[in-house]
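> Fold the following.
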Amino acid sequence: MPPPQPVDEIASLTTSAARNASEYRIEAARHLYMRYWPQILDGKLPPMLHAVAAFRTTVDSRGRITDLRITRYPASAHEVVPWIQRLVYAAEPYPPPPRGMKTVVYPEVWLVTAEGKFQLHTLSEGQADSDDPPR
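Numbering: from 1, shown residues only. Okay, here's the model as predicted:
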């Protein structure tokens with residue numbers, strides 16, 4: 001997997017406009033896409049992915065990650081777990097949680113290609129049809 005390549009030209013962060021953790025998840029996904037836009041796979045994902053991994057992320061009132069737990073390991077591409085962890089931490093700070101929330105916890109599924117491009121399930125464009133004949 002390629003090393004994290006955060007983009008430096010990010011606008012200053014303001015408090016999240018989200019009203020709940022579900023809406024915050026969209027903002028956090030957009031934040032990661034802005035940080036790593038060169039590594040985002042545009043369009044539909046290929047029929048066969050290198051890895052699928054799920055995480056539960058906790059963000060504190062300053063936009064810092066206080067907990068990042070894997071909830072679904074990839075079937076075989078275990079090297080993507082530390083790679084995703086590095087990406088998530090290197091993208092700090094995140095937008096601070098909505099007013100009235102000291103922390104926000106949200107789930108995310110990472111969809112990773114063999115070339116190190118990715119989409120997040122929250123913003124995924126779906127998956128292309130497989131070339132395999134129907135069974």
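> dump the residue contacts of Arg69.
Residues near Arg69 by CB atoms under 8 Å, 6 or more residues apart in numbering: 55-56. Every C-beta, even on glycine, is put in place using the N, C-alpha and C of the backbone.
> Check the one 3 residues further on too.
Under the criterion of CB under 8 Å, 6+ apart, the contact list for Arg72 reads 52-54, 109.
> low pLDDT regions in this structure?
1-15, 130-135 (pLDDT under 70).
> show me where it has helices.
Using DSSP state H, the helices of the chain run over 21-35, 80-90.
> Buried residues, the first one. List them.
Spelled out, that is helix 21-35. In terms of neighbour count (16 or more other CB atoms under 10 Å), helix 21-35 has its buried residues at 21, 24-25, 27-29, 31-33, 35.
> List the contacts of that helix.
Identification of contacts with helix 21-35 by CB under 8 Å, 6+ apart yields 6-7, 10, 16-18, 40, 57, 59, 87-88, 90-91, 94-95, 97-98, 104-108, 120, 122-123.
> Kindly recompute the last result at 6 Å.
Helix 21-35 is contacted by residues 6-7, 16, 18, 40, 91, 94-95, 104, 106, 120, 122-123 when judged by CB atoms under 6 Å, 6 or more residues apart in numbering.
> Let me have these in JSON lines, extended by distance to Ile70 and neighbour count.
Shown next, in JSON lines, are the contacts of helix 21-35 (distance: CB to CB, whole Å; neighbours: other CB atoms under 10 Å):
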{"residue": "Pro6", "distance to Ile70": "21", "neighbour count": "13"}
{"residue": "Val7", "distance to Ile70": "25", "neighbour count": "12"}
{"residue": "Ser16", "distance to Ile70": "24", "neighbour count": "22"}
{"residue": "Ala18", "distance to Ile70": "24", "neighbour count": "19"}
{"residue": "Ile40", "distance to Ile70": "21", "neighbour count": "15"}
{"residue": "Ala91", "distance to Ile70": "17", "neighbour count": "21"}
{"residue": "Tyr94", "distance to Ile70": "18", "neighbour count": "23"}
{"residue": "Pro95", "distance to Ile70": "23", "neighbour count": "19"}
{"residue": "Val104", "distance to Ile70": "18", "neighbour count": "25"}
{"residue": "Tyr106", "distance to Ile70": "14", "neighbour count": "22"}
{"residue": "Leu120", "distance to Ile70": "15", "neighbour count": "18"}
{"residue": "Thr122", "distance to Ile70": "17", "neighbour count": "18"}
{"residue": "Leu123", "distance to Ile70": "20", "neighbour count": "14"}
